[in-house]
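Student: The amino acid sequence is not available; the structure is as follows:
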């Protein structure tokens, strides 16, 4: 099985605040309507986003061997089967009738059933893929990031540094969705539906598969080509309107705590946004992004007169 690399670094710890990059015109709408757009997979710029199939590439001889060894231990009471596993229940029924069976005969008898499981997986996996893609195609997500100085994000989503970044935080005492954000795992290859050890545990009746784990792999995994985005994501199921391509949901006024103006934003647009923020969100801080003099970095300074 291919070893998969995760790119997380310090992102394991939830940031105190999150950032949303946007154009000037979008920022005006956000401020006026007090809404953020939650998107479906089909409206996102990554064609694989939540619409890929978890791989089932595994060494069948290895899994067969591991499954038989574990099943033998379950049969002899050296390992406890999972109470909700059909294999575990079957083993409890068969154990009195198979007592004294030599190990090699046990392996021969059980190997046929495990191979049948492999065949059933091959026969049904495509339908499972299709059903899962269809189910997740209507989900609504809000994409955020942990940094307001990401130059590629400014280029892609901040209108080539002419846009703005809004800062959002939990509102004390409110039921804020931002605390539900989870980091994206950036991987060089599509993750597996299951690891070999996990599959052999399942076939031996030691565990049952948890659908939530598979769904989370689809929702919170992207190609490492996108790791520069340092994305955190909030998942909202199908939202209020299952078949809508997106939903504009209100956020708490005090959840918007700051704004960063792009280093190329025209002065008249800065003035218009500053006025709107001061009027509608007087508690919010306003910053100006400025290219540093001696490094390829952006620095943030309080906006003069903001």
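Tutor: Arrived safely. Predicted model, so just to flag it, every value in this text is computed and none were measured.
Student: buried residues in the lengthiest helix in the chain?
Tutor: Assignment by DSSP state H gives helix 103-136 as the longest helix of the chain. Using 16 or more other CB atoms under 10 Å as the test for burial, helix 103-136 gives 106, 107, 110, 114, 117, 118, 121, 132, 136. Where C-beta positions appear, they are placed from N, C-alpha and C, glycine not excepted.
Student: for this protein, what spans make up the strands?
Tutor: Ranges of strands in the chain, per DSSP state E, are 18-22, 35-39, 141-145, 164-168, 182-183, 185-187, 221-223, 231-235, 246-250, 256-261, 285-291, 298-302.
Student: just to revisit the earlier point, would you reformat the buried residues of helix 103-136 as a markdown table and include distance to residue 179?
Tutor: Output for the buried residues of helix 103-136, formatted as a markdown table (distance: CB to CB, whole Å):
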| residue | distance to residue 179 |
| --- | --- |
| 106 | 51 |
| 107 | 50 |
| 110 | 47 |
| 114 | 43 |
| 117 | 40 |
| 118 | 42 |
| 121 | 38 |
| 132 | 27 |
| 136 | 23 |
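Student: And for the residue nearest to residue 41 when sequence neighbours are not counted, the neighbour number?
Tutor: Closest residue in space to residue 41, ignoring its immediate chain neighbours: residue 50 at 4.2 Å, by CB to CB, 6 or more residues apart in numbering. Look at residue 50: counted by other CB atoms under 10 Å, it has 23 neighbours.
Student: that older thread, nearest to residue 92, out of the strands of the chain?
Tutor: Nearest to residue 92 among the strands of the chain is strand 221-223 (36.9 Å), distances taken as CB to CB.
Student: And the closest one, how far out from the chain middle?
Tutor: 8 Å (CA atoms, centre = their mean, to the nearest Å).
Student: neighbouring strands for it, and are they parallel or not?
Tutor: Its sheet considered, strand 221-223 pairs with strand 185-187 (parallel) by DSSP bridges.
Student: pLDDT (mean, whole number) over the partner strand?
Tutor: The average pLDDT within strand 185-187 is 96.
Student: got it, and stretch 121-129?
Tutor: 95.
Student: Start at 568, not 1
Tutor: Shifting the count to begin at 568 puts that one at stretch 688-696.
Student: Contacts for it, please.
Tutor: 620, 623 (CB atoms under 8 Å, 6 or more residues apart in numbering).
Student: rewinding a little: any chance of the strands of the chain in CSV, plus distance to residue 647 and mean neighbour count?
Tutor: CSV is the format used below for the strands of the chain (distance: least, CB to CB, whole Å; neighbours: other CB atoms under 10 Å):
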stretch, distance to residue 647, mean neighbour count
strand 585-589, 43, 23
strand 602-606, 43, 18
strand 708-712, 39, 22
strand 731-735, 46, 24
strand 749-750, 32, 17
strand 752-754, 31, 19
strand 788-790, 32, 19
strand 798-802, 34, 20
strand 813-817, 46, 14
strand 823-828, 50, 23
strand 852-858, 56, 17
strand 865-869, 56, 14
